[in-house]
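*Asks:* fold the stuff below for me.
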Amino acid sequence: MPLVRISHRSGVSPEYQQALSDGVQEAMAATVNVPAEDRFHLLAEHGSGRIFDAHYLGIERSQDWVAIQITLRKGRTVEMKQALYRRIVENLAASPGLRPEDVLICLLENDLPDWSFGNGEAQYVR
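*Replies:* As a prediction, the model looks like this:
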């Protein structure tokens, strides 16, 4: 169960937010073995609370810049992660129309005991 946080500029439509979520979810299902229905996404709008280097590493970012943070269990290969990054950018370019330069992705890995899906239990380690 990945937990996905997507931060974007304020003022976007619900359809834009849904496209962000759908694009990330499809990419995870296609590249890192996440079940398609296993969706836990938190989307957050930011106005003046987004401070970023618009030119870091020679990549020219716009105000449409989006940060995607995915927390998931460890175990994916570097190749799988690279495929995930590519697929997310391709999906978000198609809908909602984000430039590849405006997509930052960060993976945070953990292990089975680090998850509780409810009831105060670590269901994966029973």
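*Asks:* what's next to the helix or strand encompassing Gln17, contact-wise?
*Replies:* Secondary structure from DSSP states H and E places Gln17 in helix 14-31. By CB atoms under 8 Å, 6 or more residues apart in numbering, the surrounding residues in contact with helix 14-31 are 2, 4, 6, 8, 34-36, 39, 41, 43, 66, 68, 70, 80, 83-84, 87-88, 90-92, 94-96. (Each C-beta comes from the backbone N, C-alpha and C, glycine too.)
*Asks:* and the residue sitting nearest the centre point of the chain, how close does it get to Ala122?
*Replies:* Closest to where the C-alpha atoms of the chain average out (CA atoms, centre = their mean) is Ile68, at 3.7 Å. According to CB to CB, to the nearest Å, Ile68 and Ala122 sit 26 Å apart.
*Asks:* alpha carbons of stretch 41-58, as PDB, please.
*Replies:* C-alpha atoms of stretch 41-58 as PDB (Å, rounded to 0.1, in the frame of the first residue of the first chain):
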ATOM      1  CA  HIS A  41      -3.600   9.600  -2.200                       C
ATOM      2  CA  LEU A  42      -3.400  12.900  -0.300                       C
ATOM      3  CA  LEU A  43      -3.500  16.000  -2.600                       C
ATOM      4  CA  ALA A  44      -2.600  19.400  -1.200                       C
ATOM      5  CA  GLU A  45      -2.900  22.800  -2.800                       C
ATOM      6  CA  HIS A  46      -0.200  25.400  -2.100                       C
ATOM      7  CA  GLY A  47      -0.300  29.100  -2.900                       C
ATOM      8  CA  SER A  48       2.600  31.100  -1.500                       C
ATOM      9  CA  GLY A  49       3.800  28.000   0.500                       C
ATOM     10  CA  ARG A  50       5.700  26.600  -2.500                       C
ATOM     11  CA  ILE A  51       9.300  27.700  -2.500                       C
ATOM     12  CA  PHE A  52      11.500  26.000  -5.100                       C
ATOM     13  CA  ASP A  53      14.600  26.500  -7.300                       C
ATOM     14  CA  ALA A  54      13.200  27.000 -10.700                       C
ATOM     15  CA  HIS A  55      16.600  26.100 -12.300                       C
ATOM     16  CA  TYR A  56      18.000  23.300 -10.100                       C
ATOM     17  CA  LEU A  57      20.100  20.800 -12.100                       C
ATOM     18  CA  GLY A  58      19.500  22.900 -15.300                       C
END
